[in-house]
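> Here's a sequence, model it:
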Amino acid sequence: MLVEAARRMVSSVRAGDTVARTGGDEFVVLLDEIDAPAEVAAHTAMEIAQRLHASLAADFELSPVGSEAKGLQHQGSASIGVVLFDGLEAVKDSLFSRADAAMYEVKRRGRNGVLMAKA
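Residues are numbered from 1 along each chain as shown. So this is what the prediction gives:
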């Protein structure tokens, strides 16, 4: 399922963006070159996050390990935290902490959603 989730995420972002698995079932997506006024950058980031969310909401058709046969269907969900790099925060841990906090707020609210971290 993780391989299929990663494939869906890669196909949901733009060519220069990065998708990385940080461990377990958590991924980080870095959006490259959305330099724009903050409102435009936020809109672009949220559009991509919504696209990621929709792609992960579709049923997963899985195969038993070592088999080509499909047959196992699984429905997943995604809790997504979004943070914009404002050019002022030099420490990447601060960005990840803010994104993590937004993701956990989504989970606290019932999971399966997208939330932009507060600036």
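
> so where is the protein shaky, pLDDT-wise?
Scanning the chain for pLDDT under 70 picks out 66, 69-70, 89-91, 119.

> how about the helices of it, start to end?
For the chain, helices defined by DSSP state H occupy the ranges 2-12, 38-57, 92-108.

> Can you tell me which of those helices is nearest to residue 30?
Among these, helix 92-108 comes nearest to residue 30, with 9.7 Å by CB to CB. Glycine gets a C-beta too; all of them are placed from N, C-alpha and C.

> What are the contacting residues of the closest one?
28, 79-83, 85, 89, 112-118 (CB atoms under 8 Å, 6 or more residues apart in numbering).

> The same query, at a cut-off of 6 Å, please.
79, 81, 83, 89, 113, 115, 117 (CB atoms under 6 Å, 6 or more residues apart in numbering).

> what does stretch 4-12 give?
By CB under 6 Å, 6+ apart, stretch 4-12 touches 19, 51-52, 55, 60.

> quick one: which of these is most hemmed in?
Counting neighbours by other CB atoms under 10 Å, residue 52 comes out on top of these with 23 neighbours.

> what sits against that one?
9, 12.

> Number the chain from 18, please
Shifting the count to begin at 18 puts that one at residue 69.

> And it, how far from residue 48?
10 Å (CB to CB, to the nearest Å).

> With residue 109 instead?
Separation of residue 109 from residue 48 (CB to CB): 14 Å.

> Can I get the contacts of helix 109-125 in TSV including distance to residue 64 and neighbour count?
What follows is the contacts of helix 109-125, written out as TSV (distance: CB to CB, whole Å; neighbours: other CB atoms under 10 Å):
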residue	distance to residue 64	neighbour count
96	18	20
98	16	21
100	15	22
106	23	13
130	15	18
132	15	21
134	16	17
